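1. fold the following.
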Amino acid sequence: MHILIIGGAGYIGSHVTRAAAEKGHRITVFDNLATGARMNLFPGNAFIHGDILDYPVLLAAMRDSVDAVIHLAAAKAAGESMIRPEKYARNNLIGTINILNAMTEAGVSRFVFSSSAAVYGEPRYLPIDEEHPTDPMNFYGFTKLEIERLLGWYSKLRGIHAACLRYFNAAGYDPEGSVRGLEQNPANLLPVIMEVAAGIRNHLDIFGNDYDTPDGTGVRDYVHVTDLAVAHVAALDYLTKHTKDITVNLGSESGISVQEMVDTARHVTGMEIPATVVPRRAGDPARLVASSSRAAELLGWHARYSDAETLVRTSWEVYRNLPTNR
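-> All right, here's what the predicted structure looks like:
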């Protein structure tokens, strides 16, 4: 199968590219390299330096005997989306509409979409399953939910069958070390911890230690990026066999607290990792844990690498050799 992986030079996209290539698929990576990195491109895969807002280039890519599209090219900083909604509307909404229209024009009918747990908003019960109400708390989550709704209509009207994968917290790096490109300006917990351990940042802020959790810090569901990558390929296999739309959560089903992640990182790296407790952030829930039973049922998927030690160890293997490492 020839797969066009949009955003395939990014952090998650490069892992998805590796997983798809391992299954013998022909890969074309389409990326504007705004947040992706050339070092994340693998020899043997075609590469198109293009933007999803450039419809003619996108359509030309689709017409190269493409059988399926995996879309990971979203602007994704939740906080920034509340300050710069225009950027998120343009890239996430207009860009995705361009992809779907190009797929329609080129006759491509299989679509795997990188969605987000941000579509749920404040958790009303735990673990969160796919029937949980959707009520995004930020514009980023709104764009993801609107795209899911668009996909329902394109399925009905244009026969584009989609798998929407709602991620929780992606973390870690390829255990075999084939992906080395760092995320640019990371805001998630683990890469920030790694930057402190590597000497890029001076310290870590822990936002609140008075939550109703075992150690007082917030608990989140972290899923290893390699587990996510495997799920994308499994979702594409599902669409090929069943030609029906699906929406599934991708999480580890077990939470890791901020303090547990910091303690694990100190143990694995041998670094002090200075941390300061600061006030809670508005809107942060105490716990956020997913149910991934539907992914297990439909895709045969289970998180294999998403324990705290593997998440930290695979990340440290990338960060420990940086020139800035003290």
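2. quick one: the helices in the stretch 151-300 of the chain?
-> Listed in chain order, the helices found in the stretch 151-300 of the chain under DSSP state H, counting those that start in this stretch are 189-197, 225-242, 258-269, 293-299.
3. what comes up buried for the shortest one?
-> Looking back up the chat, that one is helix 293-299. By neighbour count, with 16 or more other Cβ atoms under 10 Å as the criterion, the buried positions of helix 293-299 are 294-295, 298-299. Using the backbone N, CA and C atoms, a C-beta is placed for each residue, glycine as well.
4. ok, the second one next?
-> By 16+ other Cβ under 10 Å, the buried positions in helix 225-242 come out as 225-236, 238-239.
5. let me know the closest of those to Val179.
-> Taking Cβ to Cβ as the measure, Val225 is the one of the buried residues of helix 225-242 closest to Val179, at 8.2 Å.
6. the closest one reaches Phe168, doesn't it?
-> No - counting by Cβ atoms under 8 Å, Val225 stays clear of Phe168, with 11.9 Å between them.
7. which residues do those two both contact?
-> Listed contacts common to Val225 and Phe168 are nil; contacts here mean Cβ atoms under 8 Å, 6 or more residues apart in numbering.
8. circling back: among the helices of the stretch 151-300 of the chain, which is nearest Pro127?
-> Pro127 sits nearest to helix 293-299 of all those, at 8.9 Å, using Cβ to Cβ.
9. neighbouring contacts of the closest one?
-> By Cβ under 8 Å, 6+ apart, the list of residues contacting helix 293-299 from outside reads 129-130, 231, 234-235, 237-238, 246, 248-250, 301-302.
10. neighbours of Ile94, how many?
-> Ile94 has 13 neighbours, counted by other Cβ atoms under 10 Å.
11. give me the pLDDT for it.
-> For Ile94, the pLDDT comes out at 98.
12. now swap in the one 3 residues further on and tell me
-> Per-residue confidence (pLDDT) for Ile97: 98.
13. of all the contacts of helix 293-299, which comes closest to Ala106?
-> Proximity to Ala106 was ranked across the contacts of helix 293-299 by Cβ to Cβ; first place goes to Ala235, at 20.5 Å.
14. now Val29: phi and psi?
-> Phi and psi for Val29, reported as degrees, to the nearest 10, are phi -90, psi 130.
15. okay, now it: neighbour count?
-> Residue neighbour count, defined by other Cβ under 10 Å, stands at 25 for Val29.
16. which one is it nearest to, not counting chain neighbours?
-> Gly8 (3.4 Å; Cβ to Cβ, 6 or more residues apart in numbering).
17. which residues touch that neighbour?
-> Contacts here follow Cβ under 8 Å, 6+ apart; on that basis Gly8 touches 14, 16-17, 27, 29-31, 36, 40-41, 45, 70, 72.
18. and those as JSON lines, adding pLDDT?
-> As requested, those are arranged in JSON lines below (pLDDT from 0 to 100):
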{"residue": "Ser14", "pLDDT": "97"}
{"residue": "Val16", "pLDDT": "98"}
{"residue": "Thr17", "pLDDT": "98"}
{"residue": "Ile27", "pLDDT": "98"}
{"residue": "Val29", "pLDDT": "98"}
{"residue": "Phe30", "pLDDT": "98"}
{"residue": "Asp31", "pLDDT": "98"}
{"residue": "Gly36", "pLDDT": "91"}
{"residue": "Asn40", "pLDDT": "94"}
{"residue": "Leu41", "pLDDT": "96"}
{"residue": "Asn45", "pLDDT": "96"}
{"residue": "Ile70", "pLDDT": "98"}
{"residue": "Leu72", "pLDDT": "98"}
